[in-house]
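Q: Here's a sequence, model it:
(one chain, ligands or ions: 1)
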Amino acid sequence: MERENKTLDPKDWEQMRNLGHQMIDDLIDYWKDIREKPIWKPIPEDVKNKLDQPIPSGPMDIEEIYEEFKENIFAYNKGNVHPRFFAWIQGTGTPLGTFADLMASGMNPNVTIGEHAPMYVDQQVMDWCKDMMGFPTEASGILVSGGSMANITALTVARNSLKGEDIRKSGLGSLDKKLILYCSTETHSCIQKAAEIIGLGSENIRKIPVNDRYEMRLELLEEQILSDREEGFRPFCVVGTSGTVNTGSIDPMDEILRISRKYDLWFHVDGAYGALAKLDPVYEKRLEAIEEADSLAFDLHKWFYVPYEVGCTLIRDAEKHRAAFSITPNYLIQEKRGLAGGPDSINHYGFELSRGFKALKIWMSLKEHGLDAYKALIAQNNRQAEYLGELVEANDSLELMAPVCMSITCYRMNPGNLSEEELKDLNREILLRIQEEGIAAPSSTLLEGKFTLRVANVNQRTRFEDMDLLVQETLRIGSEVISETKAV
Ligand SMILES: Cc1ncc(COP(=O)(O)O)c(C=O)c1O
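A: Numbering: from 1, shown residues only. So this is what the prediction gives:
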């Protein structure tokens, strides 16, 4: 009997080639004209229904699949490729970064072990990351999926490096004192999640209050450490944030470093958003102490503008890093030669075993533009945020809700005669309409309980005039909402 060799490769390679070319063409058109397009539009119900179908059991023509994708998916993107996307803290990506991901996906190496070029590209990019952040060359690091993963990776190393303990072997149950982690009330929620997952327990996180610039209050930090010690706890780690998610504030890095050294604590910096502000000369000095941190987490899919996903953990002491994760199952023993040779397995430096070739988009992007271009763009985003702050302050109907730090500007419309509740309704309506009309995408937050429009700019496509438009449209929509409310 003749045996059939089944495969998932195309029967018609030329059809696949043509479709691939079409996809690239469509992407180029999409990016090239993105400024003229609405930033976002609501998804009609019938489109959502088309995205809720049973699993296909038979084949479909690839051109039809692509048409369906264009109609129901491509057309309803999130919008963070658009020059006026300022919601949350989400990067824009770049064309070459995207094509790098395409090549990485096509090569499809599992970049965890072995003698192949992607392992060396990963190493090269790690060296560049250390260099950008002022970490010593002997430090270690790993590229992970994003900031949350980068933070938990660092905190795991911190926990597993506790002096005189073997946590990997004995677990936290073997400790006679509870470990305490310090951060501020403005710290990102992923730090709490990480602390819960690594077994500290959320009640052993001390969220230190902040000052009116949303920075950790150091006198309270020190008081808390002392009182915890007295009460029989074991303070072990302080997390300082470089660029808080709400307002972009910076915890006083020098002082946190000093306190962590004084009390023998691990100093971790969550720089998922704002560690890269180090590349802006205006912030360089304030962020210098990051170079002395025991560990640092930062994202490249945010302020390095590469496509999702990629974040980075750096660890000052490479031995501690390796000791926290290293494990060699029989089937992963490395050789001196052959495919199983190559650099030290990346699996020894993190939790994930299988890893994509995420280093390639950073490698290509840095070669394409050079580091100076990134420095200039990061500084530009900061200046644009400051410019927006100035526009807000110059207008009597607008109110700046927090000092502008890094590239986040928090403001609201406040004509001066409305209650807090009415201000909340007004600004929420402005936010929703500005998005629904496809003009711009700020997001919102609550600052001291007050509803605030939040413009977080890690966008390599934004121009200064986009800030003018944002203010103009905030005022236009705000006035419309006010007159509609009066008419009711
Ligand atoms: C300060 C900070 N830390 C951590 C994170 C989490 O990063 P990711 O979304 O890449 O997991 C964010 C996300 O915005 C952040 O701003």
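
Q: what's around the closest residue to the ligand within the chain, how many residues?
A: For the chain, the residue closest to the ligand is G147, as judged by C-beta to the nearest ligand atom, at 2.5 Å. For the C-beta atoms, the positions are set from N, CA and C on the backbone; glycine is no exception. Other residues lying near G147 total 27 when counted by other C-beta atoms under 10 Å.

Q: Quick one: mean pLDDT for stretch 274-294?
A: Mean pLDDT, stretch 274-294: 97.

Q: now stretch 120-131
A: Here the average pLDDT along stretch 120-131 is 98.

Q: Same question for it: list its buried residues.
A: 121-123, 125-126, 129-130 (16 or more other C-beta atoms under 10 Å).

Q: for stretch 361-381, same thing?
A: In stretch 361-381, counting by 16+ other C-beta under 10 Å, buried: 361-366, 369, 374-375, 377-381.

Q: Would you mind writing the CA trace of that stretch as PDB?
A: Extracted C-alpha coordinates of stretch 361-381, given in PDB (Å, rounded to 0.1, in the frame of the first residue of the first chain):
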ATOM      1  CA  LYS A 361      14.000  42.700  16.700                       C
ATOM      2  CA  ILE A 362      16.100  44.600  19.100                       C
ATOM      3  CA  TRP A 363      19.300  43.700  17.300                       C
ATOM      4  CA  MET A 364      17.900  44.800  13.900                       C
ATOM      5  CA  SER A 365      16.300  48.000  15.300                       C
ATOM      6  CA  LEU A 366      19.400  49.200  17.100                       C
ATOM      7  CA  LYS A 367      21.400  48.600  13.900                       C
ATOM      8  CA  GLU A 368      18.800  50.400  11.800                       C
ATOM      9  CA  HIS A 369      18.700  53.600  13.900                       C
ATOM     10  CA  GLY A 370      21.600  53.600  16.300                       C
ATOM     11  CA  LEU A 371      21.300  54.300  20.000                       C
ATOM     12  CA  ASP A 372      21.400  58.100  19.400                       C
ATOM     13  CA  ALA A 373      18.100  58.000  17.600                       C
ATOM     14  CA  TYR A 374      16.500  56.200  20.600                       C
ATOM     15  CA  LYS A 375      18.000  58.800  23.000                       C
ATOM     16  CA  ALA A 376      16.500  61.600  20.900                       C
ATOM     17  CA  LEU A 377      13.100  59.900  20.700                       C
ATOM     18  CA  ILE A 378      12.800  59.200  24.400                       C
ATOM     19  CA  ALA A 379      13.800  62.800  25.100                       C
ATOM     20  CA  GLN A 380      11.300  64.000  22.500                       C
ATOM     21  CA  ASN A 381       8.500  62.000  24.200                       C
END
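
Q: to the chain's geometric centre, what's the distance from it?
A: On the basis of C-alpha atoms, centre = their mean, to the nearest Å, stretch 361-381 sits 17 Å off its chain's mean C-alpha point.

Q: Residues contacting it, please?
A: 94, 96-101, 104, 121, 124-125, 128, 132, 143, 276-277, 279-282, 300, 303-307, 310, 407, 457-460, 462 (C-beta atoms under 8 Å, 6 or more residues apart in numbering).

Q: Enumerate every residue touching the residue of the chain closest to the ligand.
A: When contacts are counted by C-beta under 8 Å, 6+ apart, G147 touches 188, 190, 270, 272-273, 297-299, 302, 311.
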